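Enquirer: how would this look folded up:
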Amino acid sequence: MSKATRLRSRFEYMASTFGVVVFAIYWGVITTYSQLYLVNPFAQSDPLKVASQILLVIGWVSISTLAPIVLFQFGSGAYRVIRFLPYTVALWPASIFMSQILNIATTGQNYLSYLIETPLFITTDLVIPIALFSLWLRLRIQHLD
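Expert: Okay, here's the model as predicted:
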């Protein structure tokens, strides 16, 4: 087995394994804190908050399920699917950012204290998206360029 083949196999294995880890962490958090994730966006009276809630739901579904699926597909040899990873990842941090901006605009307060109160959310809201973008950059360089 050549060095290039071994390296490619290692990246495939790493991508699939990281997909399993991401899936397990997010769905563990989602089921533990279901009252924060499994919400009815249409229960809000403000149309902007409805839109923000819908975007949050799309964002967490995207990063918790679609991003691992992209990594699983990459691990099985479908290298071109890695192009979709930044889109599946970016929805979650973007939706959190937009929600925070909306909260500041409507209430004058931010709600970033949840990161201090429950440090696990630092992992789900910051660390994993950054790690997925970093992985995407490396995999893209290795397989698409």
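
Enquirer: report the buried residues of stretch 69-78.
Expert: 70-75 (16 or more other CB atoms under 10 Å). The way it works is simple: take the backbone N, C-alpha and C, and place the C-beta from them, glycine included.

Enquirer: for stretch 9-26, same thing?
Expert: Applying 16+ other CB under 10 Å to stretch 9-26 flags 11-12, 14-16, 18-19, 22-23, 25-26 as buried.

Enquirer: now those residues as CSV including secondary structure?
Expert: Formatted as CSV, the buried residues of stretch 9-26 follow (DSSP: H, G, I helix; E, B strand; the rest coil):
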residue, secondary structure
11, helix
12, helix
14, helix
15, helix
16, helix
18, helix
19, helix
22, helix
23, helix
25, helix
26, helix
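
Enquirer: tell me which of the buried residues of stretch 69-78 is nearest to residue 128?
Expert: When the buried residues of stretch 69-78 are compared for distance to residue 128 (CB to CB), residue 71 wins out at 11.8 Å.

Enquirer: doesn't residue 21 make contact with the closest one?
Expert: No. Using CB atoms under 8 Å, residue 71 is not in contact with residue 21, being 9.5 Å away.

Enquirer: TSV please, covering the buried residues of stretch 9-26 and showing distance to residue 44 and pLDDT.
Expert: Putting the buried residues of stretch 9-26 into TSV (distance: CB to CB, whole Å; pLDDT from 0 to 100) gives the following:
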residue	distance to residue 44	pLDDT
11	43	77
12	43	83
14	41	85
15	37	88
16	38	90
18	35	93
19	33	94
22	29	96
23	29	97
25	28	96
26	24	96
